[in-house]
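K.L.:
next come a sequence and a model predicted from it.
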Amino acid sequence: MIELGGINKVYGTSEASSTVLKDVNLKIKEGEFVAIMGPSGSGKSTLLNILGTLDVPSSGKYTFLDTDVTSLTKDQRSLFRRYLLGFIFQGFNLLKKTTAIDNVEMPLIYLGVKAKERRERAYEALKSVGLENRAEYEPSKLSGGQQQRVAIARAIVTNPKVLIADEPTGNLDTSRSHEIMQILQEFNKNGITIIMVTHEEEIASYASRVLHVRDGILEKEVHNAH
């Protein structure tokens, strides 16, 4: 589904340049759950951003199914994200004075989905994360774990091919973290490909494969037995 070939990422120019990723080669199959780990400054977040088309490589090729992503324009990458990817962030990124269901509806507005269908799909997405009874609550009335579940519902409401998760449990306690990971694992079992950055071994254990990045190099990968 996804193939990276010789991906390099360099910030700055000449003497002030910094190489963040070095000749990264990677394949991700459809339906996989992949975790990316590494120390601070290892390049794991840059790798995730390139996979999510939020950043572009300095050289190398990124292929998604039959699309050469590295050849897309900025506007084309925006459409690519809108139709094919869902994003989950550590900080939830919910609109504060907006209800849970309105937050979940937001991506569907950009897809031009009509109001009635938007509402129905947003409600079903909230139901899939067990929050249908909190649809009219604003984020300030929800716990951290509930806010992250709303964020997951928002990410999956467009039926994306891939979920990009950046430290999805970083702001949660242990109990809520496992709750969120069980939800993500269930979506993965239902066919959604997930690519996640985490710094916690325990959280990475939910993935089927763990990629270890150090000094911009894909150092090793570990397959988890589930």
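P.N.:
Done, it's in. Not measured: the values here are computed from a predicted model. Numbering: from 1, shown residues only.

K.L.:
strands of this protein, residue ranges please.
P.N.:
Assigned by DSSP state E, the strands in the chain fall at 2-11, 18-28, 33-37, 59-64, 67-68, 85-89, 162-166, 193-197, 209-214, 217-223.

K.L.:
so which of those strands gets nearest Glu124?
P.N.:
Evaluated with Cβ to Cβ, those place strand 85-89 nearest to Glu124, the distance being 14.8 Å. (Glycine included, C-beta is placed from N, CA and C.)

K.L.:
ok, the spatially most central residue of the chain - contacts?
P.N.:
Note on the chain: the residue nearest the mean C-alpha position is Ile164, at 1.2 Å, using Cα atoms, centre = their mean. Neighbouring residues of Ile164 by Cβ atoms under 8 Å, 6 or more residues apart in numbering: Leu48, Leu51, Gly52, Leu85, Gly86, Phe87, Ile88, Ile195, Met196.

K.L.:
just list the residues touching the closest residue to it other than its chain neighbours, thanks.
P.N.:
Excluding the flanking residues, the one nearest Ile164 by Cβ to Cβ, 6 or more residues apart in numbering is Gly52, at 4.2 Å. Shown in contact with Gly52 (Cβ under 8 Å, 6+ apart): Arg81, Leu85, Phe87, Ile164, Ile195.

K.L.:
nearest to Val150 among the residues you listed?
P.N.:
Minimum separation from Val150 among the contacts of Gly52 (Cβ to Cβ) is found for Phe87, which lies at 13.4 Å.

K.L.:
assess the claim that the closest one and Val157 are in contact.
P.N.:
No. Using Cβ atoms under 8 Å, Phe87 makes no contact with Val157, being 11.9 Å away.

K.L.:
higher neighbour count, those two?
P.N.:
The residue with more neighbours, out of Phe87 and Val157, is Val157; 25 against 18, by other Cβ atoms under 10 Å.

K.L.:
can you pull the contacts of the more buried one?
P.N.:
Val104, Glu105, Pro107, Leu108, Arg121, Ala122, Ala125.

K.L.:
which residues does Lys27 bridge with?
P.N.:
With DSSP bridges applied, Lys27 shows beta-bridge pairing to Glu3.

K.L.:
any weak-confidence spans in the chain?
P.N.:
226 (pLDDT under 70).

K.L.:
go with 90
P.N.:
Within the chain, the stretches with pLDDT under 90 are 12-18, 41, 66, 90-91, 225-226.

K.L.:
can you show me the helices along the protein?
P.N.:
44-51, 74-84, 100-110, 115-128, 144-156, 174-189, 201-204 (DSSP state H).

K.L.:
relative to Gly31, which of those is closest?
P.N.:
Comparison of the helices of the chain against Gly31 by Cβ to Cβ identifies helix 174-189 as nearest, at 7.3 Å.
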